[in-house]
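**Q** Got a sequence here, can you model it:
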Amino acid sequence: MITAEGGIGGAALGCGIGFLAGGTKGCIGGAIGGGVAGTAAGYYVASRTQAAKETEDQYASQIVQAGKDADSAQKVADASQTVADDAAQKISALKAQLKNQQITVAQYDQSVQHFQNDSQMLADNIADTQKKLNSTNILVSANRGTPEQRQALVKAQQRLQLALKKQQEQSQSISSVTSMS
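**A** Numbers count the residues shown, from 1 in each chain. Now for the predicted structure:
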């Protein structure tokens, strides 16, 4: 629409200038030249407007994704709490069984290895959450969007920070329980 408006406006302006300079014949030539120039200008404005809209749509999408990332990170933190509690309880029981010679050292080590694998998976999740937090930090520092968008982004950032801290604490808890073996 902007392209057509530019063409019509350019043609009208060109006709007016052409008419003043050369009468009816000048109006026709001015309208053609003005129409071409106006169409080009309209196209430029339309393409810039579309690019800006796509950028804002992309930014809004990134804000929504940051919220989803925070939800996911919180679920991982909750699951890691369960894994850490399970590890502490089961390793304590395994140590008692080992002390009472109900299991062998090999059986104990095999069982502890399971929790060490869980710890490694949690470390991978921590690295993923840190990447998501870094991306969100970049979006926050851009200070773009509406006040509501910025507020939603800061909330997602805070939730990611909290989830990351919980994940790190649980990872350390699992590591400390498994390393005492």
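
**Q** moving C-terminal of the helix or strand residue 114 falls within, what's the next helix or strand?
**A** Take DSSP states H and E as the rule and residue 114 turns out to sit in helix 105-142. Downstream of helix 105-142, the first helix or strand assigned by DSSP H and E is helix 147-179.

**Q** what sits up against stretch 89-102?
**A** When contacts are defined by C-beta atoms under 8 Å, 6 or more residues apart in numbering, stretch 89-102 is touched by residues 103, 104, 105, 108, 111, 112, 115, 177, 178, 180, 181. Just so you know, the C-beta spots here come from the backbone N, C-alpha and C atoms, and that holds for glycine as well.

**Q** Spatially nearest residue to the third one (excluding sequence neighbours)?
**A** Right, residue 105. Nearest-residue entry for residue 105: residue 98, 6.8 Å, with adjacent residues in sequence omitted and distances by C-beta to C-beta, 6 or more residues apart in numbering.

**Q** does the one you found sit in a helix, a strand or a coil?
**A** helix (DSSP: H, G, I helix; E, B strand; the rest coil).

**Q** residues in contact with stretch 168-181?
**A** Stretch 168-181 is contacted by residues 77, 80-81, 83-84, 87-88, 91, 95, 108-109, 112, 115-116, 118-119, 122-123, 126 when judged by C-beta under 8 Å, 6+ apart.

**Q** Quick one: end-to-end distance for stretch 140-148.
**A** Using C-alpha to C-alpha, to the nearest Å, the span of stretch 140-148 from its first residue to its last is 12 Å.

**Q** Residues in contact with it: which ones?
**A** Stretch 140-148 is contacted from outside by 56, 59, 60, 63, 150, 153, 154, 157, using C-beta under 8 Å, 6+ apart.

**Q** Ignoring the adjacent residues along the chain, who's closest to the fifth one?
**A** Once flanking residues are discounted, residue 150 sits nearest to residue 143: 6.9 Å by C-beta to C-beta, 6+ apart.

**Q** Quick check: phi and psi at the one you found.
**A** Backbone torsions of residue 143, given as degrees, to the nearest 10, read phi 50, psi 50.

**Q** tally of neighbours for it?
**A** 8 (other C-beta atoms under 10 Å).
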